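Colleague: Structure for the following, please:
(one chain, ligands or ions: 1)
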Amino acid sequence: MSRVGPVTRVAVVGMGATGVLTYVHLVDHLLTAGVGAGTEIHLVERSSQVGAGVAYGTQSDDHLLNMQAGTMSVFPDRPNDFVDWLGGKRDAAAYIPRHRFGEYLRARLSEAMSRADAAGISTEVVRCEVRDCYFDDNEVRLVATAPLPPYDYAVLCVGDLPPTTYQELRPHPRYVHDPWRAGAAMPPVGARVGVLGSSLTAVDVLLSLRSSGHEGPVTCFTRSRGLPRVQPAVLRPHRLRHVTEENLLRLTDDAGRKLGLAEVAGLLRSELGSLVDWRRATGPRQGDPIALLRSDIDDAVHGRAGWYDVLDSTSELTPLVWHHMTDAAKTAFLRRLHSGWSGWRHPIPLVNARRIADLAERGQLRVRPRVRSVAPNADGGFDIAHQVGDRVGTTTVDHLVNATGTGFNPWLVDSPLVRAMTHAGRLRAHPLGGVDVDFATLRVRDAAGGLAARVFFVGPLTRGVHFYTNSVETNLVNARALTGQLAAAMTKRVPALSA
Ligand SMILES: Cc1cc2nc3c(=O)[nH]c(=O)nc-3n(C[C@H](O)[C@H](O)[C@H](O)COP(=O)(O)OP(=O)(O)OC[C@H]3O[C@@H](n4cnc5c(N)ncnc54)[C@H](O)[C@@H]3O)c2cc1C
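Modeller: Just a heads-up that it's a prediction; the model follows:
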């Protein structure tokens, strides 16, 4: 392939939250280095809305950020930026509707575009879907539903993709595979509805049903655990004493060895101290999930959920801890502990937990853990088999919603781009889920393990590498890191990052 030419051209593919973070920080780095003039940046987005994506495109006021406003700034050095943008009417501890965060993202995007324009950086929004990406050491070619020029660099931010579970049910007329798809139909108001999954996506579906005035019974079916835990009313800052970078370096002999699961668990256990009963916390949760939800609400209200302050304070270090673990430890964690961990790490904001409890109070919501099978029945609905003590019970529903969350298998995900690159070996599936990239540089890895010089991938799908990728915080750190390298390469007029 030939070189691109005198103008440096960059494509950001996918303009959800991560695409916005990538653009804003690329502009920031270029302006700081004073090298942007003449750069062309294309923001490529397939949907009609730029700067919202799956999580922040919802219009429902019930769909809240699962993090307090004070933790959601797009600028690491200005932690109050989101709260300030909200206009001082909200405090840092508030749980804001997610669509407000989408508005904030678009406001910061538009400011960055103005700053870029003033500095001679041209930015163009291109509406099309990228379906494949070829590259060599000289340039990047994007195959899309509209013609695109060759690029010097491409950053792929394709985001949260629909689940890859229950694919066989997709043709069924009463099955919703992706509740986040624009225009996904809600079941009729009196229908018996089944919701597959128990994570925050399932909580969102329950809240959508509630706010749309749904009257029929709703059953949440979960593979193993019940509902997530409940966040305390107020998040209190916690200063880490055990899960620290210094301890990580000490235990890994300055990154020379990897950590076992017991070592990581030991650090976390010391950090949590007496805030949780460790044995009970790491074992299967026994009891009626609704009764447990009520008891969790009680704990949150009465100051007994301080464990969340600790877990929240580990966010920034989590990708690094993951990076330092042995492959065996990561695999064991994902197999045995991940589901339980998610319940602790992604608890329900108190206000929404109360709404869910209210659904149960009205006798409308049941939770059925330990699902065994899901099958369409002769009446046009579904029979769901689940374990009830020693026997298997069956619950019948008229409509079924898949709320099991983002799909992480790049061979199967609903993204022609990711699938094409994976099948062609230009992108490697990570054995622990998602796509393989270099931990520090976010450059994509091909099937042979080689790192691309000009193509980066950032967002939820780098989960196998960074683990905690379903958060703005990690994607912000990664977007900032990769755009820093990009800007540096452009500053030095180095044509590509050295392999
Ligand atoms: C329902 C939900 C709620 C969440 N709530 C929170 C929260 O409160 N706090 C938090 O920190 N994290 C939250 N998350 C985690 C979330 O994953 C990240 O915070 C972040 O929103 C991910 O943004 P993204 O831009 O990577 O992905 P997405 O939001 O999925 O955006 C990807 C964008 O790329 C576009 N696109 C995809 N493929 C192509 C293509 N081939 N060509 C062109 N365009 C393409 C899509 O149309 C979309 O606009 C939530 C996630 C979900 C699903």
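Colleague: Report the closest residue of the stretch 151-300 of the chain relative to the ligand.
Modeller: residue 159 (2.2 Å; Cβ to the nearest ligand atom). Every residue, glycine included, has its C-beta placed from N, CA and C.
Colleague: ok, now which ones touch that residue?
Modeller: When contacts are counted by Cβ atoms under 8 Å, 6 or more residues apart in numbering, residue 159 touches 14, 16, 17, 18, 19, 53, 54, 459, 460, 461.
Colleague: Lowest pLDDT pick from these?
Modeller: For these, the weakest pLDDT value sits at residue 54, with 88.
Colleague: Which secondary structure element is home to that one?
Modeller: Element membership for residue 54, per DSSP states H and E: helix 53-56.
Colleague: does that helix come close to the ligand?
Modeller: Yes: applying Cβ under 6 Å from any ligand atom, one finds helix 53-56 in contact with the ligand at 53, 54, 55.
Colleague: now these in CSV, with distance to residue 386 and neighbour count?
Modeller: Below are the residues of helix 53-56 next to the ligand laid out as CSV (distance: Cβ to Cβ, whole Å; neighbours: other Cβ atoms under 10 Å):
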residue, distance to residue 386, neighbour count
53, 33, 25
54, 28, 21
55, 29, 24
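Colleague: and which of the residues you listed is nearest to the ligand?
Modeller: residue 53 (2.1 Å).
Colleague: out of everything not next to it in sequence, what's closest to that closest one?
Modeller: Leaving aside its chain neighbours, residue 53 sits nearest to residue 16 (2.1 Å; criterion: Cβ to Cβ, 6 or more residues apart in numbering).
Colleague: I'd guessed that neighbour sits against residue 55; true?
Modeller: Yes: counting by Cβ atoms under 8 Å, residue 16 does reach residue 55; the two are 7.4 Å apart.
Colleague: Mutual contacts of these two, please.
Modeller: Shared contacts of residue 16 and residue 55, counting by Cβ under 8 Å, 6+ apart, come down to residue 160.
Colleague: In a helix, residue 100, correct?
Modeller: Yes: assigned with DSSP: H, G, I helix; E, B strand; the rest coil, residue 100 falls within a helix.
Colleague: which bits of the chain sit near the ligand?
Modeller: 13-19, 44-47, 53-55, 65-67, 129-130, 157-160, 201, 204, 415, 417, 459-460, 470-472, 475.
Colleague: among those, which are in helices?
Modeller: Residues of the residues of the chain next to the ligand located in helices (DSSP state H): 17, 18, 19, 53, 54, 55, 201, 204, 417, 472, 475.
Colleague: can you tell me which residues contact the nearest residue to residue 470 once chain neighbours are set aside?
Modeller: Leaving aside its chain neighbours, residue 470 sits nearest to residue 460 (5.5 Å; criterion: Cβ to Cβ, 6+ apart). Contact analysis of residue 460 by Cβ under 8 Å, 6+ apart lists 159, 160, 161, 406, 408, 434, 469, 470, 475.
Colleague: how much space between residue 460 and residue 415?
Modeller: 12 Å (Cβ to Cβ, to the nearest Å).
Colleague: Name the residues contacting each of these two.
Modeller: Common neighbours of residue 460 and residue 415 (Cβ under 8 Å, 6+ apart) are residue 161.
Colleague: one step back: just put the ones in helices among the residues of the chain next to the ligand in TSV and tack on distance to residue 346.
Modeller: TSV is the format used below for these (distance: Cβ to Cβ, whole Å):
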residue	distance to residue 346
17	17
18	18
19	23
53	18
54	16
55	13
201	10
204	12
417	27
472	13
475	15
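Colleague: Now do the contacts for the residue nearest to the residue of the stretch 151-300 of the chain closest to the ligand when sequence neighbours are not counted.
Modeller: Leaving aside its chain neighbours, residue 159 sits nearest to residue 16 (4.6 Å; criterion: Cβ to Cβ, 6+ apart). Contacts for residue 16 (Cβ under 8 Å, 6+ apart) come out as 51, 52, 53, 54, 55, 56, 57, 157, 159, 160, 459.
Colleague: Around the residue nearest to the last one when sequence neighbours are not counted, count how many other residues there are.
Modeller: Once flanking residues are discounted, residue 459 sits nearest to residue 18: 4.3 Å by Cβ to Cβ, 6+ apart. Neighbour count of residue 18, defined by other Cβ atoms under 10 Å: 28.
Colleague: doesn't residue 457 make contact with residue 18?
Modeller: No: using Cβ under 8 Å, residue 18 makes no contact with residue 457, being 10.0 Å away.
Colleague: Check the secondary structure at residue 360 for me.
Modeller: Quick answer, by three-state DSSP: residue 360 is helix.
Colleague: ok, it touching residue 290?
Modeller: Yes: using Cβ under 8 Å, residue 360 and residue 290 qualify as a contacting pair, with a distance of 4.5 Å.
Colleague: Now do the shared contacts for those two.
Modeller: What both residue 360 and residue 290 touch, as defined by Cβ under 8 Å, 6+ apart, is the set residue 366.
Colleague: Sketch out the low-pLDDT regions of the stretch 1-150 of the chain for me.
Modeller: In the predicted model, the stretch 1-150 of the chain carries pLDDT under 70 at residues 1-6, 88-90.
Colleague: now the strands: where do they sit in it?
Modeller: Chain-ordered strands for the stretch 1-150 of the chain, with DSSP state E, counting those that start in this stretch as the definition, fall at 9-13, 40-45, 122-127, 130-135, 140-144.
Colleague: quick check: domain ranges of the protein?
Modeller: The chain breaks down into these structural domains: 9-161+407-491, 167-227+350-402, 245-345 (assignment by automatic domain parsing).
Colleague: can I get the ones you listed in JSON lines with distance to residue 237?
Modeller: Below are the domains of the chain laid out as JSON lines (distance: least, Cβ to Cβ, whole Å):
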{"stretch": "domain 9-161+407-491", "distance to residue 237": "10"}
{"stretch": "domain 167-227+350-402", "distance to residue 237": "18"}
{"stretch": "domain 245-345", "distance to residue 237": "7"}
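Colleague: Single out the most deeply packed of these.
Modeller: domain 9-161+407-491 (a mean of 20; mean count of other Cβ atoms under 10 Å).
Colleague: End to end on that domain, go ahead and measure it.
Modeller: End-to-end distance for domain 9-161+407-491, by Cα to Cα, to the nearest Å: 14 Å.
Colleague: roughly how far apart are residue 490 and residue 108?
Modeller: 22 Å.
Colleague: same check, this time on residue 69
Modeller: 15 Å.
Colleague: same check, this time on residue 218
Modeller: Taking Cβ to Cβ, one finds residue 218 at 37 Å from residue 108.
Colleague: where do the helices sit along the stretch 51-200 of the chain?
Modeller: Applying DSSP state H, counting those that start in this stretch to the stretch 51-200 of the chain gives helices spanning 53-56, 81-85, 98-118, 200-211.
Colleague: what are the C-alpha coordinates of the second one, in PDB please?
Modeller: Taking C-alpha atoms only, helix 81-85 is exported to PDB below (Å, rounded to 0.1, in the frame of the first residue of the first chain):
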ATOM      1  CA  ASP A  81     -16.000  18.900  35.400                       C
ATOM      2  CA  PHE A  82     -19.300  16.900  35.100                       C
ATOM      3  CA  VAL A  83     -20.700  18.300  38.300                       C
ATOM      4  CA  ASP A  84     -19.800  21.800  37.300                       C
ATOM      5  CA  TRP A  85     -21.400  21.300  33.900                       C
END
